[in-house]
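> please work out how this folds:
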Amino acid sequence: MAKKRRKKLKKIKKRLPRLNLWLWVSSILIIAIGATFWSQTLIYNHQQTPNQDAVRQQKIAWINQLAPYARQMQEKYGVIASISIAQAILESDWHTSTLSTQYNNLYGIKADASQKSVVLPTQEFENGQWITIQGRFAAYDTWQDSMKAHAELLYHGTSWNSAQYQHVLAARDYKSAATALTKDGYATDPTYAEKLIAIIQEWHLSRFDVPQN
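The predicted structure follows:
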């Protein structure tokens, strides 16, 4: 038995250099593959991050541009500032829609008969599905005109119902106001309130709200 063990030990000793070499080569390969993957990841992140940061900074800059005037509209008409900003973001898709960039209409407000207007396709939710229709929208000279028109619409109501948005004006916080916009018929999207609340929370828009007594 002792002889057999000695023979096995001799065989193992002979194989050890080969095993060590194999382990060394394998380790080098694993390290090389890992380093390549890591460097590619760094390159990808380097390529993506500046662009993402730039887009985010543009969004923040636009929010900061709207905020002071949104606060003025809250003080004058009672429309919560974060709601005004969030609706502008949602309705204009971050100021990228044609209606917003070319006609300064941030809120998708429809035009009265005597108003300067433009006809554009729009999505409406009817009978449980989205449909595309041609809508006549108001065209404004400035974005401030659009924000003021939005506040006045909520404050004065529509031509057929002056109290249409009474629940929005009576809301004491942005969540209640967002829910009231759907209740009072501002938008046909059944998830409109949830979308507004998500935007307000993600971008911390409630910090712009004027405290209410």
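
> can you give me the buried ones in stretch 141-149?
By neighbour count on 16 or more other Cβ atoms under 10 Å, the buried set for stretch 141-149 is 143, 146, 147, 148, 149. Yep, even glycine has a C-beta here, placed from its N, CA and C like the rest.

> what's stretch 72-85 in contact with?
63, 66-67, 70-71, 147-148, 150-152, 154-155, 168-169, 171, 173-174, 177-178, 181, 196, 200, 205-206, 208-210 (Cβ atoms under 8 Å, 6 or more residues apart in numbering).

> go with 7 Å
63, 66-67, 70-71, 147-148, 150-152, 154-155, 169, 171, 174, 177-178, 196, 200, 205-206, 208-210 (Cβ atoms under 7 Å, 6 or more residues apart in numbering).

> just the buried ones among these, please.
Among the contacts of stretch 72-85, those classed as buried by 16+ other Cβ under 10 Å are 63, 66-67, 70-71, 147-148, 150-151, 154-155, 169, 171, 174, 177-178, 196, 200, 205-206, 208-209.

> what about the residues you listed, which are in helices?
Per DSSP state H, helices hold the following members of the buried ones among the contacts of stretch 72-85: 63, 66-67, 70-71, 147-148, 150-151, 154-155, 169, 174, 177-178, 196, 200.

> how far away is residue 150 from residue 132?
Distance of residue 150 to residue 132, computed by Cβ to Cβ, to the nearest Å: 23 Å.

> ok, now residue 88?
Distance of residue 88 to residue 132, given as Cβ to Cβ: 22 Å.

> so which of the two has more stuff around it?
Set residue 88 next to residue 132 and count neighbours by other Cβ atoms under 10 Å: residue 88 wins out with 24 against 9.

> ok so, going back, out of the buried residues of stretch 141-149, which is nearest to residue 105?
residue 146 (5.4 Å; Cβ to Cβ).

> so who does the closest one touch?
104, 105, 106, 107, 140.

> got JSON lines for the residues you listed, with pLDDT, neighbour count and distance to residue 55 too?
JSON lines is the format used below for the contacts of residue 146 (pLDDT from 0 to 100; neighbours: other Cβ atoms under 10 Å; distance: Cβ to Cβ, whole Å):
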{"residue": "104", "pLDDT": "97", "neighbour count": "20", "distance to residue 55": "22"}
{"residue": "105", "pLDDT": "97", "neighbour count": "28", "distance to residue 55": "23"}
{"residue": "106", "pLDDT": "98", "neighbour count": "27", "distance to residue 55": "19"}
{"residue": "107", "pLDDT": "97", "neighbour count": "24", "distance to residue 55": "22"}
{"residue": "140", "pLDDT": "97", "neighbour count": "20", "distance to residue 55": "25"}
